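Novice: Below are the sequence and a predicted model; questions follow.
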Amino acid sequence: MLSMSECVSDDSYEECRTTADWLLSNTQVRPTVGIVCGSGLGGLAEMLKDPQVFKYSDIPNFPRSTVHGHAGQLVFGTLKGKPCVCMQGRFHLYEGYPIQKITLPMRIFKLMGVETMILTNAAGGLNQDYKVGDVMIIKDHINMPGFAGINPLAGPNDDRFGVRFPCMSDAYNRELRQLAHDVAAELGYDFLKEGVYSVVGGPSFETIAECRMLHRLGADAVGMSTAHEVIVARHAGMRCFALSLISNRAVMDYDSQEKANHEEVLETGRVRSQQLEKLVSIMVARLEQNNNDDNAF
Ligand SMILES: O=P(O)(O)O[C@H]1O[C@H](CO)[C@@H](O)[C@H]1O
(Lines give C-alpha, C1' and ligand atoms only; values in the text may rest on other atoms or scores of the structure.)
Protein backbone atom coordinates (compact mmCIF):
# COMPACT_ATOMS: atom_id res chain seq x y z
CA MET A 1 0.00 0.00 0.00
CA LEU A 2 1.39 3.42 -0.92
CA SER A 3 1.69 6.05 1.78
CA MET A 4 0.07 9.47 1.30
CA SER A 5 3.43 11.16 0.61
CA GLU A 6 4.18 8.65 -2.15
CA CYS A 7 0.82 9.47 -3.73
CA VAL A 8 1.40 13.23 -3.75
CA SER A 9 2.23 14.41 -7.25
CA ASP A 10 5.88 15.57 -7.52
CA ASP A 11 5.64 16.46 -11.15
CA SER A 12 6.69 20.11 -11.31
CA TYR A 13 9.43 21.25 -13.66
CA GLU A 14 11.73 21.99 -10.72
CA GLU A 15 11.28 18.52 -9.25
CA CYS A 16 11.95 16.84 -12.60
CA ARG A 17 15.02 19.08 -12.99
CA THR A 18 16.26 18.10 -9.52
CA THR A 19 15.95 14.41 -10.35
CA ALA A 20 17.53 14.81 -13.80
CA ASP A 21 20.45 16.76 -12.31
CA TRP A 22 20.88 14.17 -9.55
CA LEU A 23 21.09 11.39 -12.14
CA LEU A 24 23.40 13.39 -14.41
CA SER A 25 25.76 13.99 -11.52
CA ASN A 26 25.78 10.28 -10.64
CA THR A 27 26.39 8.81 -14.09
CA GLN A 28 28.71 9.60 -16.98
CA VAL A 29 26.13 8.33 -19.48
CA ARG A 30 24.28 11.03 -21.44
CA PRO A 31 21.33 9.02 -22.78
CA THR A 32 19.70 9.88 -26.09
CA VAL A 33 17.53 6.75 -26.09
CA GLY A 34 15.09 5.71 -23.35
CA ILE A 35 13.70 2.19 -23.09
CA VAL A 36 10.77 1.04 -20.94
CA CYS A 37 10.56 -2.68 -20.16
CA GLY A 38 7.08 -4.16 -19.98
CA SER A 39 5.90 -7.01 -17.77
CA GLY A 40 8.29 -9.92 -18.09
CA LEU A 41 10.52 -7.97 -20.48
CA GLY A 42 13.06 -6.66 -17.98
CA GLY A 43 15.78 -8.65 -19.78
CA LEU A 44 15.95 -5.80 -22.30
CA ALA A 45 17.93 -3.85 -19.69
CA GLU A 46 20.54 -6.59 -19.60
CA MET A 47 21.56 -5.73 -23.15
CA LEU A 48 23.23 -2.53 -21.96
CA LYS A 49 27.03 -2.50 -21.86
CA ASP A 50 28.86 -1.16 -18.81
CA PRO A 51 25.58 -0.91 -16.90
CA GLN A 52 25.15 1.49 -14.04
CA VAL A 53 22.11 0.64 -11.95
CA PHE A 54 20.04 2.87 -9.66
CA LYS A 55 17.26 1.44 -7.52
CA TYR A 56 14.11 3.54 -7.86
CA SER A 57 14.05 3.86 -4.08
CA ASP A 58 17.42 5.68 -4.19
CA ILE A 59 16.39 8.23 -6.85
CA PRO A 60 14.91 11.52 -5.57
CA ASN A 61 11.20 11.98 -6.46
CA PHE A 62 11.01 8.59 -8.22
CA PRO A 63 8.05 6.28 -7.56
CA ARG A 64 8.62 2.63 -6.55
CA SER A 65 7.67 -0.44 -8.59
CA THR A 66 5.09 -2.59 -6.86
CA VAL A 67 4.27 -5.15 -9.57
CA HIS A 68 5.79 -8.65 -9.89
CA GLY A 69 7.89 -8.73 -13.07
CA HIS A 70 8.96 -5.07 -12.72
CA ALA A 71 12.35 -4.98 -10.97
CA GLY A 72 12.26 -1.30 -10.06
CA GLN A 73 15.59 -0.01 -11.25
CA LEU A 74 16.98 2.43 -13.76
CA VAL A 75 19.86 1.12 -15.84
CA PHE A 76 22.26 3.38 -17.75
CA GLY A 77 24.71 2.07 -20.33
CA THR A 78 25.37 1.83 -24.03
CA LEU A 79 23.63 -0.30 -26.60
CA LYS A 80 25.57 -0.76 -29.84
CA GLY A 81 27.48 2.35 -28.85
CA LYS A 82 24.38 4.49 -28.22
CA PRO A 83 23.96 5.93 -24.71
CA CYS A 84 20.71 4.61 -23.23
CA VAL A 85 18.63 4.67 -20.08
CA CYS A 86 16.35 1.74 -19.42
CA MET A 87 13.45 1.48 -16.98
CA GLN A 88 13.48 -2.06 -15.63
CA GLY A 89 9.96 -1.75 -14.35
CA ARG A 90 7.29 0.85 -15.01
CA PHE A 91 4.40 2.33 -13.05
CA HIS A 92 0.71 1.75 -13.66
CA LEU A 93 -2.43 3.65 -12.73
CA TYR A 94 -3.75 0.73 -10.71
CA GLU A 95 -0.75 0.90 -8.36
CA GLY A 96 -2.43 3.94 -6.87
CA TYR A 97 -0.13 6.67 -8.13
CA PRO A 98 -1.53 9.83 -9.68
CA ILE A 99 -1.25 9.63 -13.46
CA GLN A 100 1.31 12.47 -13.48
CA LYS A 101 3.55 10.41 -11.22
CA ILE A 102 3.52 7.27 -13.36
CA THR A 103 4.64 9.30 -16.37
CA LEU A 104 7.20 11.42 -14.51
CA PRO A 105 10.22 9.47 -15.84
CA MET A 106 9.42 10.67 -19.38
CA ARG A 107 9.96 14.28 -18.34
CA ILE A 108 13.10 13.43 -16.41
CA PHE A 109 14.48 11.61 -19.46
CA LYS A 110 13.66 14.61 -21.66
CA LEU A 111 15.58 16.90 -19.32
CA MET A 112 18.51 14.46 -19.45
CA GLY A 113 18.67 14.70 -23.25
CA VAL A 114 16.66 11.67 -24.40
CA GLU A 115 15.28 12.12 -27.92
CA THR A 116 13.77 8.73 -28.69
CA MET A 117 11.60 6.54 -26.45
CA ILE A 118 11.19 2.82 -27.07
CA LEU A 119 8.39 1.38 -24.95
CA THR A 120 7.40 -2.24 -24.55
CA ASN A 121 4.50 -3.94 -22.85
CA ALA A 122 2.66 -7.20 -22.50
CA ALA A 123 -0.91 -7.07 -23.79
CA GLY A 124 -3.94 -9.24 -24.40
CA GLY A 125 -4.70 -9.93 -28.07
CA LEU A 126 -8.15 -8.78 -29.21
CA ASN A 127 -7.52 -9.21 -32.92
CA GLN A 128 -8.60 -12.74 -33.79
CA ASP A 129 -5.60 -13.18 -36.10
CA TYR A 130 -3.16 -12.65 -33.24
CA LYS A 131 -1.49 -15.57 -31.47
CA VAL A 132 0.25 -15.70 -28.11
CA GLY A 133 3.87 -14.72 -28.74
CA ASP A 134 3.09 -12.33 -31.60
CA VAL A 135 4.63 -8.88 -31.34
CA MET A 136 2.46 -5.91 -32.28
CA ILE A 137 4.04 -2.64 -33.33
CA ILE A 138 1.73 0.00 -31.92
CA LYS A 139 0.54 2.34 -34.63
CA ASP A 140 -2.04 4.16 -32.51
CA HIS A 141 -3.80 3.98 -29.18
CA ILE A 142 -7.20 4.36 -27.58
CA ASN A 143 -6.88 5.97 -24.16
CA MET A 144 -9.95 4.67 -22.34
CA PRO A 145 -9.20 6.45 -19.02
CA GLY A 146 -8.74 9.60 -21.10
CA PHE A 147 -12.45 9.60 -21.96
CA ALA A 148 -13.11 10.05 -18.24
CA GLY A 149 -10.63 12.93 -18.04
CA ILE A 150 -7.76 10.79 -16.75
CA ASN A 151 -4.96 12.19 -18.87
CA PRO A 152 -1.41 12.85 -17.65
CA LEU A 153 -1.52 16.34 -19.15
CA ALA A 154 -4.64 17.37 -17.23
CA GLY A 155 -4.00 20.30 -14.91
CA PRO A 156 -1.95 23.44 -15.49
CA ASN A 157 0.30 23.22 -18.55
CA ASP A 158 3.99 24.00 -18.14
CA ASP A 159 5.12 25.41 -21.49
CA ARG A 160 8.71 24.42 -20.70
CA PHE A 161 7.66 20.83 -21.34
CA GLY A 162 5.30 21.34 -24.26
CA VAL A 163 2.16 22.97 -25.63
CA ARG A 164 -1.30 22.93 -24.01
CA PHE A 165 -2.93 20.92 -26.80
CA PRO A 166 -0.39 18.49 -28.26
CA CYS A 167 -1.21 16.61 -31.45
CA MET A 168 -1.55 12.84 -31.03
CA SER A 169 -2.32 11.76 -34.60
CA ASP A 170 1.40 11.16 -35.09
CA ALA A 171 2.13 9.69 -31.66
CA TYR A 172 3.89 6.56 -32.93
CA ASN A 173 6.68 7.56 -35.27
CA ARG A 174 6.19 6.30 -38.81
CA GLU A 175 9.90 5.95 -39.66
CA LEU A 176 10.60 3.92 -36.53
CA ARG A 177 7.67 1.61 -37.29
CA GLN A 178 9.07 1.06 -40.78
CA LEU A 179 12.52 0.43 -39.31
CA ALA A 180 11.02 -2.26 -37.05
CA HIS A 181 9.38 -3.95 -40.04
CA ASP A 182 12.65 -3.87 -41.98
CA VAL A 183 14.70 -5.29 -39.11
CA ALA A 184 12.11 -7.99 -38.37
CA ALA A 185 12.10 -9.02 -42.04
CA GLU A 186 15.89 -9.29 -42.05
CA LEU A 187 15.76 -11.42 -38.90
CA GLY A 188 13.09 -13.64 -40.45
CA TYR A 189 10.58 -12.85 -37.70
CA ASP A 190 7.17 -13.90 -38.95
CA PHE A 191 5.35 -12.95 -35.75
CA LEU A 192 5.32 -9.18 -36.22
CA LYS A 193 1.97 -7.37 -36.51
CA GLU A 194 0.95 -3.74 -36.44
CA GLY A 195 -2.15 -2.50 -34.67
CA VAL A 196 -4.00 -0.34 -32.19
CA TYR A 197 -3.39 -0.62 -28.43
CA SER A 198 -6.13 0.23 -25.98
CA VAL A 199 -5.16 1.19 -22.45
CA VAL A 200 -7.54 0.44 -19.59
CA GLY A 201 -7.16 1.21 -15.90
CA GLY A 202 -6.85 -2.33 -14.52
CA PRO A 203 -5.91 -4.10 -12.34
CA SER A 204 -8.83 -6.44 -12.99
CA PHE A 205 -8.54 -8.01 -16.41
CA GLU A 206 -11.34 -7.14 -18.82
CA THR A 207 -14.70 -8.85 -18.90
CA ILE A 208 -15.81 -10.64 -22.05
CA ALA A 209 -18.18 -7.76 -22.86
CA GLU A 210 -15.38 -5.22 -22.39
CA CYS A 211 -13.07 -7.17 -24.72
CA ARG A 212 -15.77 -7.35 -27.35
CA MET A 213 -16.42 -3.64 -27.02
CA LEU A 214 -12.74 -2.70 -27.31
CA HIS A 215 -12.36 -4.89 -30.36
CA ARG A 216 -15.38 -3.28 -32.01
CA LEU A 217 -13.95 0.14 -31.24
CA GLY A 218 -10.88 -0.74 -33.29
CA ALA A 219 -8.39 -2.02 -30.72
CA ASP A 220 -6.17 -4.99 -31.59
CA ALA A 221 -4.62 -5.40 -28.14
CA VAL A 222 -5.42 -4.30 -24.60
CA GLY A 223 -3.16 -3.45 -21.69
CA MET A 224 -2.76 -1.18 -18.69
CA SER A 225 0.20 1.03 -19.62
CA THR A 226 2.24 2.75 -22.34
CA ALA A 227 -0.30 5.20 -23.79
CA HIS A 228 0.08 7.59 -20.84
CA GLU A 229 3.86 7.54 -21.15
CA VAL A 230 3.60 8.16 -24.88
CA ILE A 231 1.30 11.16 -24.35
CA VAL A 232 3.81 12.77 -22.00
CA ALA A 233 6.81 11.88 -24.15
CA ARG A 234 5.17 13.33 -27.27
CA HIS A 235 4.11 16.44 -25.35
CA ALA A 236 7.80 16.93 -24.55
CA GLY A 237 8.80 16.43 -28.20
CA MET A 238 10.40 12.99 -27.97
CA ARG A 239 9.72 10.55 -30.78
CA CYS A 240 8.11 7.28 -29.71
CA PHE A 241 8.16 3.70 -30.81
CA ALA A 242 6.19 1.08 -28.88
CA LEU A 243 5.48 -2.60 -29.15
CA SER A 244 3.20 -5.06 -27.41
CA LEU A 245 4.09 -8.66 -26.80
CA ILE A 246 0.81 -10.55 -27.09
CA SER A 247 1.04 -12.51 -23.86
CA ASN A 248 -2.46 -13.96 -23.88
CA ARG A 249 -5.55 -13.90 -26.01
CA ALA A 250 -8.29 -11.73 -24.56
CA VAL A 251 -11.33 -13.89 -23.81
CA MET A 252 -14.11 -12.93 -26.23
CA ASP A 253 -16.33 -15.98 -26.11
CA TYR A 254 -18.74 -17.00 -23.34
CA ASP A 255 -18.04 -20.70 -24.01
CA SER A 256 -14.29 -20.26 -23.50
CA GLN A 257 -12.61 -21.77 -20.44
CA GLU A 258 -9.53 -19.51 -20.82
CA LYS A 259 -8.73 -17.06 -18.03
CA ALA A 260 -6.25 -14.18 -18.21
CA ASN A 261 -3.56 -14.31 -15.53
CA HIS A 262 -0.34 -12.45 -14.79
CA GLU A 263 1.82 -15.62 -14.63
CA GLU A 264 1.00 -16.43 -18.25
CA VAL A 265 1.88 -12.84 -19.12
CA LEU A 266 5.32 -13.16 -17.51
CA GLU A 267 5.95 -16.59 -19.05
CA THR A 268 5.29 -15.34 -22.60
CA GLY A 269 7.85 -12.59 -21.94
CA ARG A 270 10.45 -15.21 -21.04
CA VAL A 271 9.80 -17.17 -24.23
CA ARG A 272 10.12 -14.19 -26.62
CA SER A 273 12.59 -12.03 -24.72
CA GLN A 274 15.72 -12.88 -26.69
CA GLN A 275 14.10 -12.18 -30.03
CA LEU A 276 12.70 -8.89 -28.75
CA GLU A 277 16.11 -7.91 -27.41
CA LYS A 278 17.65 -8.55 -30.81
CA LEU A 279 14.98 -6.51 -32.60
CA VAL A 280 15.34 -3.57 -30.22
CA SER A 281 19.14 -3.58 -30.21
CA ILE A 282 19.41 -3.57 -34.01
CA MET A 283 16.83 -0.78 -34.17
CA VAL A 284 18.81 1.27 -31.66
CA ALA A 285 22.01 0.71 -33.63
CA ARG A 286 20.32 2.18 -36.70
CA LEU A 287 18.63 5.13 -35.01
CA GLU A 288 19.43 8.47 -36.52
CA GLN A 289 19.81 11.48 -34.30
CA ASN A 290 16.53 13.26 -33.85
CA ASN A 291 16.14 16.18 -36.24
CA ASN A 292 14.56 18.37 -33.55
CA ASP A 293 11.49 18.74 -35.69
CA ASP A 294 9.54 15.99 -34.05
CA ASN A 295 6.66 18.12 -32.80
CA ALA A 296 5.84 18.49 -36.47
CA PHE A 297 6.26 14.77 -37.31
O1 LIG B 1 1.94 -3.02 -19.61
P2 LIG B 1 2.90 -3.83 -18.84
O3 LIG B 1 3.70 -3.01 -17.88
O4 LIG B 1 3.76 -4.70 -19.72
O5 LIG B 1 2.05 -4.83 -17.92
C6 LIG B 1 0.94 -5.58 -18.37
O7 LIG B 1 0.92 -6.76 -17.60
C8 LIG B 1 0.10 -6.58 -16.43
C9 LIG B 1 -0.98 -7.63 -16.43
O10 LIG B 1 -0.47 -8.92 -16.47
C11 LIG B 1 -0.49 -5.18 -16.56
O12 LIG B 1 0.24 -4.27 -15.79
C13 LIG B 1 -0.37 -4.90 -18.03
O14 LIG B 1 -0.34 -3.52 -18.34
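Specialist: Yep, that arrived.
Novice: and the stretch 1-150 of the chain, which residues reach the ligand?
Specialist: 38, 39, 67, 90, 92, 121, 122 (Cβ under 6 Å from any ligand atom). Heads up, the C-betas are built off the backbone N, CA and C, glycines and all.
Novice: and those residues, which of them are in strands?
Specialist: When these are checked against strands (DSSP state E), the matches are 121, 122.
Novice: Based on its surroundings, how many neighbours for residue 199?
Specialist: 27 (other Cβ atoms under 10 Å).
Novice: how close does the nearest residue to it once chain neighbours are set aside sit to the ligand?
Specialist: Counting by Cβ to Cβ, 6 or more residues apart in numbering, residue 227 is the residue found nearest to residue 199 once chain neighbours are left out, at 4.0 Å. Using Cβ to the nearest ligand atom, to the nearest Å, residue 227 is found at 10 Å from the ligand.
Novice: show me what contacts residue 227?
Specialist: Residues in contact with residue 227 (Cβ atoms under 8 Å, 6 or more residues apart in numbering) are 141, 142, 143, 146, 197, 199.
Novice: and the residues you listed as CSV, adding pLDDT?
Specialist: Shown next, in CSV, are these (pLDDT from 0 to 100):
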residue, pLDDT
141, 98
142, 98
143, 98
146, 97
197, 98
199, 98
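Novice: can you tell me which of these are in helices?
Specialist: Under the assignment DSSP state H, those contribute residue 146 to helices.
Novice: and the contacts of residue 227, which two are the farthest apart?
Specialist: Among those, the pair separated by the greatest distance (Cβ to Cβ) is 146 and 197, at 13.0 Å.
Novice: and the two? which has more neighbours close in?
Specialist: More crowded of residue 146 and residue 197, by other Cβ under 10 Å: residue 197, with 28 against 19.
Novice: if I read this right, the more buried one contacts residue 122, doesn't it?
Specialist: No - in this structure, residue 197 is not within contact of residue 122 by Cβ atoms under 8 Å, at 11.3 Å.
Novice: all helices for the chain, in order.
Specialist: 4-7, 13-26, 99-102, 104-112, 144-147, 174-187, 208-217, 227-235, 262-285.
Novice: ranking those by mean pLDDT, which is last?
Specialist: Mean pLDDT per stretch puts helix 4-7 lowest among these, at a mean of 43.
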